[in-house]
Structures are given as C-alpha cells and as structure tokens.
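Enquirer: Here is a sequence together with a model predicted from it:
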Number of protein chains: 4
Amino acid sequence: MNESGVRRRQAEQRRLQFIDTALAVFAAQGFDGTSVKDLAEAAGATQGLLYHYFPSKEALLEAALERHYFLPELRRIAAPDRDRPAAEVLLELARGFARVLDQHRDVVQLMLREAPSNSAVAERLDRARREGVRMVTEYLASRVEAGELRSHDCDASARLLFYAVLAAHLANTPPEPFLPSAVEILLHGISA
Amino acid sequence: MNESGVRRRQAEQRRLQFIDTALAVFAAQGFDGTSVKDLAEAAGATQGLLYHYFPSKEALLEAALERHYFLPELRRIAAPDRDRPAAEVLLELARGFARVLDQHRDVVQLMLREAPSNSAVAERLDRARREGVRMVTEYLASRVEAGELRSHDCDASARLLFYAVLAAHLANTPPEPFLPSAVEILLHGISA
Amino acid sequence: MNESGVRRRQAEQRRLQFIDTALAVFAAQGFDGTSVKDLAEAAGATQGLLYHYFPSKEALLEAALERHYFLPELRRIAAPDRDRPAAEVLLELARGFARVLDQHRDVVQLMLREAPSNSAVAERLDRARREGVRMVTEYLASRVEAGELRSHDCDASARLLFYAVLAAHLANTPPEPFLPSAVEILLHGISA
Amino acid sequence: MNESGVRRRQAEQRRLQFIDTALAVFAAQGFDGTSVKDLAEAAGATQGLLYHYFPSKEALLEAALERHYFLPELRRIAAPDRDRPAAEVLLELARGFARVLDQHRDVVQLMLREAPSNSAVAERLDRARREGVRMVTEYLASRVEAGELRSHDCDASARLLFYAVLAAHLANTPPEPFLPSAVEILLHGISA
DNA sequence: GATGAATGAGTGTTCATTCAT
DNA sequence: AATGAATGAACACTCATTCAT
C-alpha cells in the first residue's frame, strides 16, 4: 500500500523536469507557440506522460509560474533597513532588482508575453510591480523624514528607479555602467 | 479607366481593413494565438479573400507592423531644438513619448509580445529604442555644452527618461502626475 | 457574390453522402465505436472536409437521425380507414410496420443502440413507439364501436401487434409466415 | 493454509466487484463508450489492478456477460408442467419472463447494445431467444394435443407472447395491466 | 495484491493554405 | 474581387495496455 520513497521521489523529479523545461520553452516560443509535443520532447518524455502529471497544457503553465514566482525574493530585496542612508542603499536596491530579474529571466519574459491574453498572469505581474514600487516608496519616505532626502513625490522617484531597472532588463541594457550612473543622478535629484 | 480606379481604391481599403483589424486581434491574442479564421472574421471577410490580399498569415503580420510603425513619429518628437532649455523641453519629450506609445498601443504591445520569437520584430523594436535614446542623449549633451546641465552620463539620464515613460506605459501608470514629478526629479539631478 | 448553383448542389450532395454513409457506419459500429476517420473514409473524403460540413461528430449523428427519421411514414401506415374491417386491415398494418422497419433498418438499429446513452435519441424513439401504439389503439377502438370486435383492452391488443412486429424485426424473424399467423391469432382473440 | 484461503476469497470478491460494477457501467455507456479508467474508478481501484484480474477490457466484458447470463433462469421458467392448463400457465410464463428481464436489466441492455458489433454476444442473445420461444412452442403444442387449445401455428403464438414481453420490457411499459390483458387476448385467440 | 509511472497509438478537432468557380 | 470547398498536417488530449516496484 505504501509506495516506496524512491519512486515517489523520482516521480517528483519528473514533475519538476517537466515544469522547468516547460518554463524555458514557453518563454522562448510563447504559450500558443508551444505544442505539447514540444514540451514533451524538451522534457525527454512522451506526451502521454505529461498528461499523467498535468491535466492540461494550461496547468503546466500555471505550475511553472507558481514554481518560479519571484515575488518573495523581490520583497526581501525591496525592504532595506530604513535607517541606512539612501546614498548607500539605492544602488544596492537597483542591483538587487536587476539580479532578481536576471535570475528569473524566463518567468519574467513569459509573464510579460502572456499577460495580455491571460488575466491571471496579468494580475500576478501587477501585484509584483505594485508591491515593489510601494516598498521602495515607503523606504524613500522614511529617508525624507530622516532628513536625508528633500521633500518630494516619493512615488515618482521609486517608480523612476524601479522602471529604469525593469526597462533596462527588457532592453538587455547591461547594468554597468547604467545603474550606478542612473542612481547617482536620481540621488542628486532628491537629496536634501 | 475610372472604373478600375474605383476598384483599386476599394481593394486598397479592403487591404487596410484586413491590416487594421489584424493588428488589434494580433495584439490581443498574440500571433500564434490568432487563427486565420479569427482574422477573416474580424475583417468581415472570408479566409479565401484574405489569401487574395496576403500570401500568408505571417505576411499580414508584417504588413500590420509596417503600416503602424511609429519610428518616424518617435524621431520627430525626440529631436527638439537644441537651443531650447531642458527645463522646458524634457517634460514635452516625456509627454510626447507617452503620447506616441499611447496612440500606437496595439503595435507596441504586439511588438513586445512577438519580439522574443521573431527576430525581425526584435530588431525593429531595438532600433526604435536605440534611436530614441540616442537622440535624447545628444540633446542632453548639447545642453551640457550650453552650460544648462552639469557634466554627467547623458546616456544614463536619457535612458532614465525614456525607460520611465516606456515602463509607465507598460504598467498602465497614468502619465499624470507621474511624468511631471519624474521630470522634475531628473532635472534637479542633472542641472548645473 | 452569387455562388453558381452547380457548386451548391455538389456541396449539398457531399453533405448527404456524409450523412448517409455515417448512418450505415454508426449503425454497424455504434457512435462511440466509430472514429471520425472511419466516417471520412466511408464518405471518401478527408476528416477536415467533414468538419467543413458538420461542427462535430455528434452533429453528424444528429443530422443522420434527422434525415432518416421514419415517424412520418409510420404515421401514414398506422392510420387506416376506420371503416374498413380489422379482418382486412390488421395484416396490412403489421406488414406495413415491418416494411418501414426494414426500409429503415440502420436508423432503427442506431436509435436502439444509442438510446441508453443519448436522451435525445431515447425521446425520439419513445415518441415513435407511443404514437404508433396510440394510432392502432384508436383504430381498434373504432372497430369495437362498429361491432366488429368484442369489447376489450385495445391498448393491449395494439401493443401485442406493434411489439410483435418490432421484436420480430429485432430478432430477424422473417415476416412470413409469422405475421399472418400472429394476426390470425390476434383477430381470433378480439373478434366479437 | 487458512491465510491463503482468506486471500483467495478476498481476491475473488475483488474480481466480482470489478465484474458487477463493469456490468452497470457498460450497460449505461456501452462498451466503446466506457474507458478502462471509468471501470477502475467505478470499482474503486486502479487501472493496474484491473489488469491484474483481467487480461483486457474485452475480457472483463466477457466475464460480466458470463456471470450474469440469464439463460438458465429463463429455461427454468419457460418449462412449465405440460399437464397444467394454458389458461393457468400463460400469465405465469409472461410474468416470469418479465421478472427475469427486469432482474437482469443491465445484461439485457448491454447484450442488445453490443450485439450488432459483437457476434459472440449476438449468438448468445439469439440462443436465448430461440430457446425461450422453442420451449413455449412445445408447451403450447402439448396443450393442443391435450385438447385445451385449438390447432394453430404454435410458433406464432409463442412468439407473440415472448416478443410482447420483450418489447414491453424495452419500452419500459409496466407489466400491469398490459401482461394480463395481452395473455387474455392471446388465450382467447388460441383456445379450443 | 496493488500501485502508478510509462508508452505509443489513437481520439475528435483545428490549422494554414490552395484552388476551382 | 470574392467565395467556400477541399486538403493534409498539426493540434491538445485520451486510450488500452505494460511493467518495475
């Protein structure tokens, strides 16, 4: 009655292999541009087996998005110590964002591609964006209160930073020397 | 004959109708998510007729991208009079970019979606981005020379502006009050 | 704009060919035992063309049942002149039923097969049965009133007749000499 | 060992559970309309286990038909004491047939559905029919000899009785008051 | 005895495209 | 210019069956 642990572990690894290869293929070809045959071949398995693990192509997409979701990582990075000066923190923040995006290049690309025709994806993407911006905004506001930064529209400066990193990622702009320069300009623009 | 002229005009209008409805459908559903049946129905025509005007689905995509390409408009906007002060020009630039993106929402979305799997699209997109950034960079450099702006990495400030507008567009962030605030911060950061 | 009549007629003939060959195959193999490939091959066409004419396999089944429905014929036969004596009429009725069943052997078989899993079919079948029995019942009642037959449960005698023909058909019992004998017994059983 | 006896009994019960649930599912959905998954789920087991007990889906069908075959019961009912009068016996016979069909509703339905595409089933069905008719025919013939019934085509009267019960069953006609009325008419028609 | 991973052929259906009319 | 019949390959998904554990 009790399945041997080995089998279960192997099965779980299969599942993950399906998910991980699917993510790469989906990112490269788009959801609709990817056939189940593509997905099975990429995972080195048969189509039938794919359906043993996932009820549909759509479910495999969702599993991939779930498994590679990066919001927690983004949260960790976007919550710096409010007592440390922006002059020190902002570049770290920018580089941290850039690193997360880079490490999750495939999910990011996939989400951006599918958002217009998949509202669940669109919502996830939006949440990540809003939360990232909000956390940076709050940090900047606390630095204004601390007297390090001048009083200004912190939401705008947060967006400037966040959007610059995001768009640079999309444009494949290398982070150096862009990020340090951008942060320098931004800091100059909002320092007290 | 006059008759043939009428016909030719009608035919051209059909072509344009195919192109324009195709653009909307492609943007909403993606190239691979759109069937020729979808395209024909959206244009109120039969599939056979579509193939009378375009040799393939791919060709219709290209025609749509061609007809709605916005690089010329972008160029006009990104080339301000170099003698006018940045304090006056930058907000105009930002709003101009935003307006172009907004007026060409469908092509923009389509290009961003298809770029990862269509290198021709990717190249067009890249060219627009590079050219836009370059022109702003050159304008800013001329303002540095004119003594209005401090000496700094103009490529970085140009990108900050351009990327902020682009990402705000993607995120559906309304341009007001974001753009004025962002420009104010940027200007503050690079003024002499 | 106006399609040539020839084309439309050819198309209609194709449709009918699909329907008629489908009926035969469905009757022989059952709905679930028949693949769309079977249906296309039987009609000498491709699967794609089948879907040009019918939206689904199910729709083809319905079209076949619709086109070969035999209720009208059954009605014509089951409504004899109420003034003619049963001694003359009953055998005609039995043979008429048998002939209709025989001429519509495939639909009958198909309906009987699919009725348990297709309620639309079950209802049609039931209607035919009820209507056939009712009409014979009414005729017999009028012969009772006319004094030719004794007073008895006419619904039962109508069913005896109808069911005997139906079951004989199903059992592939040849109508001769069964039907004349059966009618003779029945008549003897209900004569005044 | 006792242990092995227990196991064997449990195994046999599993087998029977597979068979009995399969019969119900097959009857409702038809052989081709039923997947092995359906069968396993209906039995509360896995597909693999089903194949431990039966070599194929087909074999499970055969086992079900075997186990629920009703010919022996039919024989018992169709062989009344030849010395008892038809006036007493015929209604018993009719009700007995009806009861057997009712108690074996699923097999009957299944056999009727599958007969056209499964000749083994068709033969079984035919045998039951022929044997039932033959036995009634012989009984009736003996009652003719005994002088209770008039000389007539006993095969026809036997069929009338048998087919009426069968068709009434198929049509879901309730046996009362149909059967008594039908038997009364029949008796009247063949009495000496 | 029982599980469920794995297969490969098959399912009904849709696809982009061609072509006679 | 326009139709829609026709094709054949591809699509997402299910099938009956096998087999290692």
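Expert: Now that the structure is in, tell me what you want to look at. Quick caveat, the model's predicted, so the values are computed rather than measured. Numbering: from 1, shown residues only, chains lettered A, B, ... in the order given.
Enquirer: what residues go with each domain of chain A?
Expert: A:3-66, A:69-188 (automatic domain parsing).
Enquirer: can you tell me the distance between the two ends of the longest one?
Expert: Just to be clear, that refers to domain A:69-188. One end of domain A:69-188 to the other measures 34 Å (CA to CA, to the nearest Å).
Enquirer: So is it next to chain B?
Expert: Yes: judged by CB under 8 Å from any CB of the partner chain, domain A:69-188 and chain B are in contact via A:109, A:112-113, A:116-117, A:126, A:129, A:152-153, A:155-157, A:159-160, A:162-164, A:166-168, A:170-171, A:173, A:177-178, A:181-182, A:184-188. (Glycine included, C-beta is placed from N, CA and C.)
Enquirer: Which members of the residues you listed are classed as buried?
Expert: A:109, A:112-113, A:116-117, A:129, A:152-153, A:155-157, A:159-160, A:162-164, A:166-168, A:170-171, A:173, A:178, A:181-182, A:184-188 (16 or more other CB atoms under 10 Å in any protein chain shown).
Enquirer: right, and A:Tyr163 touches B:Phe162 too?
Expert: No: in this structure, A:Tyr163 is not within contact of B:Phe162 by CB atoms under 8 Å, at 10.2 Å.
Enquirer: What residues of the lowest-mean-pLDDT helix or strand in chain A count as buried?
Expert: Of all helical and strand segments in chain A, the minimum by mean pLDDT, DSSP states H and E falls on helix A:71-78, at a mean of 92. By neighbour count with 16+ other CB under 10 Å, helix A:71-78 contains the buried residues A:74, A:77-78.
Enquirer: Tell me the one of those residues nearest D:Arg143?
Expert: Closest approach between those and D:Arg143, by CB to CB: A:Leu74, at 94.0 Å.
Enquirer: so how far is A:Arg129 from that closest one?
Expert: Going from A:Leu74 to A:Arg129 by CB to CB, to the nearest Å gives 10 Å.
Enquirer: picking that back up, of the residues of domain A:69-188 next to chain B, which belong to helices?
Expert: Of the residues of domain A:69-188 next to chain B, the ones assigned to helices by DSSP state H are A:109, A:112-113, A:126, A:129, A:155-157, A:159-160, A:162-164, A:166-168, A:170, A:177-178, A:181-182, A:184-188.
Enquirer: what comes into contact with stretch A:101-115?
Expert: The contact list for stretch A:101-115, computed with CB atoms under 8 Å, 6 or more residues apart in numbering or on different chains, reads A:23-24, A:26-27, A:30-31, A:61, A:64-65, A:68-70, A:73, A:121-122, A:124-125, A:165-166, A:169-170, B:30, B:112-113, B:116, B:170.
Enquirer: quick one: low-confidence parts of chain A?
Expert: Counting by pLDDT under 70, the ranges of chain A that qualify are A:1-4.
Enquirer: any idea how far the residue in it positioned nearest to DNA strand E is from C:Asp32?
Expert: Using CB to the nearest atom of the strand, the closest approach of chain A to DNA strand E is made by A:Gly48 at 2.7 Å. Distance, A:Gly48 to C:Asp32, using CB to CB: 21 Å.
Enquirer: Which one of these two is surrounded by more residues?
Expert: C:Asp32 (17 against 8; other CB atoms under 10 Å in any protein chain shown).
Enquirer: Let me know whether that one touches D:Phe26 as I believe.
Expert: No: with contact defined as CB under 8 Å, C:Asp32 does not reach D:Phe26; the gap is 11.5 Å.
Enquirer: what does chain A put close to DNA strand F?
Expert: Residues of chain A lying near DNA strand F by CB under 7 Å from any atom of the strand: A:4, A:6-7, A:34-37, A:47-48, A:51, A:55-58.
Enquirer: who's in contact with the residue nearest the centre of chain A?
Expert: Centroid check for chain A by CA atoms, centre = their mean gives A:Phe70 as the closest residue, at 4.5 Å. By CB under 8 Å, 6+ apart, the contact list for A:Phe70 reads A:100, A:103-104, A:107-108, A:128.
Enquirer: cutoff 6 Å now
Expert: By CB atoms under 6 Å, 6 or more residues apart in numbering or on different chains, A:Phe70 lies in contact with A:100, A:104.
Enquirer: what's the distance between it and A:Leu161?
Expert: Distance from A:Phe70 to A:Leu161, by CB to CB: 18 Å.
Enquirer: how many neighbours does A:Tyr139 have?
Expert: 22.
Enquirer: For it, give its distance to DNA strand F.
Expert: For A:Tyr139, the distance to DNA strand F equals 44 Å [CB to the nearest atom of the strand, to the nearest Å].
Enquirer: list the contacts for that residue?
Expert: Neighbour list for A:Tyr139: A:Pro80 [criterion: CB under 6 Å, 6+ apart].
Enquirer: host element of it?
Expert: helix A:119-145 (DSSP states H and E).
Enquirer: and the angle from that helix to helix B:154-170?
Expert: 130 degrees (axes from the mean of the first three to the mean of the last three CA atoms, to 10 degrees).
Enquirer: can you pull the buried residues of helix A:119-145?
Expert: Buried-residue list, helix A:119-145, by 16+ other CB under 10 Å: A:121-122, A:124-125, A:128-129, A:132-133, A:135-144.
Enquirer: can you give me the angle it makes with helix A:71-78?
Expert: Relative orientation of helix A:119-145 versus helix A:71-78 (the same axes, to 10 degrees): 10 degrees.
Enquirer: in the helix or strand where A:Ala64 lies, what's buried?
Expert: Taking DSSP H and E as the definition, one finds A:Ala64 inside helix A:57-67. Buried residues in helix A:57-67, counted by 16+ other CB under 10 Å: A:57, A:60-65.
Enquirer: Same check on stretch A:46-58?
Expert: Buried residues in stretch A:46-58, defined by neighbour count with 16+ other CB under 10 Å: A:50, A:53-54, A:57.
Enquirer: Likewise for stretch A:146-155?
Expert: Going by neighbour count (16+ other CB under 10 Å), the buried part of stretch A:146-155 is A:148-149, A:152-155.
Enquirer: Can you name the residues of chain A that neighbour DNA strand E?
Expert: Chain A comes close to DNA strand E at residues A:1, A:3, A:7-8, A:10-11, A:14, A:45-49, A:52-53, as judged by CB under 7 Å from any atom of the strand.
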